[in-house]
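Visitor: Got a sequence here, can you build the structure:
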Amino acid sequence: MRKLVLPVAIAALALLGACATATPYQAAMDASSRGYSEQQIENNRFRVQFAGNSLTDRKTVETYLLYRAAELTKLNGYDHFRVVHRDTDAKSRMVPIGGGPYSPFYDHFYLDYYYYGPRSAYYRTRPYAYDPFWPRWGYYDPYWGGAEYRESTRYIASAEILMGKGPKPDDAAYFDADQVIMNLSGSIVRPEP
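Guide: So this is what the prediction gives:
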């Protein structure tokens with residue numbers, strides 16, 4: 001039993017640690033994971049995307065996208081790339097703060113299924129049956145009452161790039177792949193081994 005508990009505990013701590021940091025510059029394992037991904041459209045045209053978690057800010061997501069576009073350009077034997085279309089989406093949701101992810105369910109919660117359907121009478125506890133002052137309390141909603149929330153935002157940057165050979169044209173939409181890699185490499189955080 002002890003041999004099984006230690007690996008499970010280590011895996012749980014590793015998973016918890018991975019959730020507590022911003023998304024590093026890494027390949028996404030599948031469509032729902034965080035990191036970079038690309039799709040080839042033509043020989044010299046790609047769609048590139050970088051998805052971050054809620055701790056990865058917008059600037060970092062867009063920087064990683066440009067860096068991946070430059071890497072992809074060099075890997076395919078090209079010298080520069082043009083950003084044909086670029087977009088950054090923000091996905092926001094409300095998450096509870098305070099006593100952990102389940103705090104709204106346990107904050108001043110008492111079991112009262114009176115308003116949750118006809119079969120709820122079996123599970124219902126009725127503190128008001130013994131308390132003559134119950135009507136002054138009113139109905140307490142265990143799912144929303146007393147909980148505090150914050151907004152959590154994840155950014156996904158995407159771009160369609162067109163690669164070319166030779167010197168970069170004099171246009172702001174074109175990027176020299178070597179210069180992008182050289183200038184952005186200091187701000188790239190790779191996953192720890």
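
Visitor: Please, where are all the helices along this protein?
Guide: Using DSSP state H, the helices of the chain run over 2-19, 58-75, 103-106, 134-137, 177-184.

Visitor: Can you give me the distance of Ala177 to Leu184?
Guide: Ala177 is 11 Å from Leu184, where distance means Cβ to Cβ, to the nearest Å. Every C-beta, even on glycine, is put in place using the N, C-alpha and C of the backbone.

Visitor: any common contacting residues for those two?
Guide: Between them, Ala177 and Leu184 share these contacting residues under Cβ atoms under 8 Å, 6 or more residues apart in numbering: Ala70.

Visitor: More neighbours: the two, which one.
Guide: Neighbour tally, Ala177 and Leu184, criterion other Cβ atoms under 10 Å: the higher count belongs to Ala177, 22 against 15.

Visitor: residues touching that one, list them.
Guide: Ala177 makes contacts with Ala69, Ala70, Glu71, Thr73, Lys74, Tyr78, Asp79, His80, Phe81, as judged by Cβ under 8 Å, 6+ apart.

Visitor: For this protein, give me the ranges with low pLDDT.
Guide: Scanning the chain for pLDDT under 70 picks out 1-19, 98-147.

Visitor: Domains in it, by residue range?
Guide: According to automatic domain parsing, the chain comprises the domains 2-95+149-187, 108-145.

Visitor: which of the contacts of Ala177 tops the neighbour count?
Guide: Phe81 (29 neighbours).

Visitor: Now for that residue: which residues touch it?
Guide: Ala69, Ala70, Leu72, Thr73, Ile161, Leu162, Met163, Gly164, Tyr174, Phe175, Ala177.

Visitor: if we go to 7 Å?
Guide: Residues counted as contacts of Phe81 (Cβ atoms under 7 Å, 6 or more residues apart in numbering) are Ala69, Thr73, Ile161, Leu162, Met163, Phe175, Ala177.

Visitor: And the furthest pair within those?
Guide: For the contacts of Phe81, the maximum inter-member distance is 12.5 Å, found between Leu162 and Ala177 (Cβ to Cβ).

Visitor: what are the ranges of the strands in the protein?
Guide: 35-42, 45-51, 80-97, 148-164, 174-176 (DSSP state E).

Visitor: what is Met94 paired to in the beta sheet?
Guide: Glu151 (DSSP bridges).

Visitor: you'd agree it is up against Tyr149?
Guide: Yes - here Met94 reaches Tyr149: they are 4.4 Å apart, a contact under Cβ atoms under 7 Å.

Visitor: Make TSV out of the contacts of Phe81 and add distance to Tyr25.
Guide: Below are the contacts of Phe81 laid out as TSV (distance: Cβ to Cβ, whole Å):
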residue	distance to Tyr25
Ala69	13
Thr73	16
Ile161	17
Leu162	23
Met163	20
Phe175	17
Ala177	16
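
Visitor: which among those gets closest to Lys59?
Guide: Ala69 (15.9 Å).

Visitor: Please list all residues in contact with that closest one.
Guide: Counting by Cβ under 7 Å, 6+ apart, the residues that Ala69 touches are Val48, Phe81, Ala159, Ile161.
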